[in-house]
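Asks: Pasted the sequence and its predicted model underneath.
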Amino acid sequence: MNLGHFDFDAGKYAVYVWPAFALSAAVFVWMIVDSLASARRWRTEAERRQAQAKDPSK
Amino acid sequence: MGARNNKNPFDFLANPERFMAFSRWAAPMFGAIAGVLALIGLILTFTVPEDYQQGDTVRMMFIHVPAAILASFVYLCLGIASFLALVFRHALADAAAQACAPLGAAFTVLALATGSLWGKPMWGTWWVWDARLTSVLVLLLFYLGYLALRGALDDEQKAARAAAILALGGVINLPIVKFSVEWWNSLHQGSSTLFAKSEDRLPAVYAWPMLVMCLAYLAAFGSLWLVRIRALVWRRKARALALKAAEA
């Protein structure tokens, strides 16, 4: 296996190769952001409700 | 032997508190593993020589095949979690099923889109209605149907049961996806991974990057699945507390 140099030149296939990688990156970004945002949102909400249950004045 | 030793080893995850304690460190750990593997996989992807027939499009194999494998694997997880939720009425199994559906749909979209981008220069077409492509499209429809059903009914328990039944029905499609290239004539190539016949197997120069990328996708799924289950556990907790407050 030659790991000596990177080959980013996809030549005539660049129009297919790069969109495939860009789309994969975009979908992964969406999966990560959506999962973390959803976890954060519901964690905050659960903690707020719990604090409210302990101290109704909050 | 104490009763403790007779317990199913997965029982400890069935308890939401124990699951939350486990996933608190397991989710970032899988995420870190996924990041390292993805970095190694991408270095390998862009340093392997181009294929003598497919040229540089061979690099798409390292993102298309893992996405396709995960599309089916996540559905298998969805099917198992739905079965456990339906039979044992286990809330955490239901959360696990609900959490993996959007991820599975995303992997299926990636498999179809990257396959299409690979298909155009190699086959001369973006899409053909052959058995492999059509069965993967059906897989996507099962994911979307599951998500739509969960969102369509106001009664969450009814929605969960209906969606679980749909998910179990869709499991029939998994062997069709897997064996479609053997059962029918297909434009799509047959399996060339570790389990393929030796003459069809990928050469090591391509097999290693693909294995690393498959493990990266798998670790990423593991991490995100746990994060989404945690979100659903908190959501249920928040809703239960809201209900309790409303009743008080």
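Replies: Ah, there it is. Numbering: from 1, shown residues only, chains lettered A, B, ... in the order given.

Asks: Okay, helices next: where are they in chain B?
Replies: Here chain B has its helices, by DSSP state H, at B:11-14, B:16-45, B:61-88, B:91-123, B:131-152, B:156-170, B:173-183, B:204-247.

Asks: so where is chain A shaky, pLDDT-wise?
Replies: Along chain A, segments meeting pLDDT under 70 span A:1-4, A:58.

Asks: out of the helices of chain B, nearest to A:Tyr16?
Replies: helix B:91-123 (4.7 Å; C-beta to C-beta). For the C-beta atoms, the positions are set from N, CA and C on the backbone; glycine is no exception.

Asks: Could you check the closest one against chain A for contacts?
Replies: Yes - part of helix B:91-123 sits near chain A under the criterion C-beta under 8 Å from any C-beta of the partner chain, namely B:102-103, B:106, B:109-110, B:113-114, B:117-118, B:120-121.

Asks: okay if I get the helices of chain B as a markdown table plus mean neighbour count and mean pLDDT?
Replies: Output for the helices of chain B, formatted as a markdown table (neighbours: other C-beta atoms under 10 Å in any protein chain shown; pLDDT from 0 to 100):
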| stretch | mean neighbour count | mean pLDDT |
| --- | --- | --- |
| helix B:11-14 | 13 | 64 |
| helix B:16-45 | 16 | 95 |
| helix B:61-88 | 22 | 96 |
| helix B:91-123 | 22 | 96 |
| helix B:131-152 | 18 | 96 |
| helix B:156-170 | 18 | 95 |
| helix B:173-183 | 16 | 90 |
| helix B:204-247 | 19 | 93 |
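
Asks: quick one, which of those is nearest to B:Gly190?
Replies: Checking the helices of chain B against B:Gly190 by C-beta to C-beta gives helix B:173-183 as the closest, at 4.8 Å.

Asks: Check which helices and strands the closest one sits against.
Replies: helix B:61-88, helix B:131-152 (3 or more C-beta pairs under 8 Å, 6 or more residues apart in numbering or on different chains; DSSP states H and E).

Asks: next one: the shortest one to chain centre, how far?
Replies: I take that to be helix B:131-152. 13 Å (C-alpha atoms, centre = their mean, to the nearest Å).

Asks: Reformat the helices of chain B as a markdown table; add distance to A:Leu36.
Replies: Shown next, in a markdown table, are the helices of chain B (distance: least, C-beta to C-beta, whole Å):
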| stretch | distance to A:Leu36 |
| --- | --- |
| helix B:11-14 | 21 |
| helix B:16-45 | 10 |
| helix B:61-88 | 19 |
| helix B:91-123 | 13 |
| helix B:131-152 | 19 |
| helix B:156-170 | 23 |
| helix B:173-183 | 29 |
| helix B:204-247 | 6 |
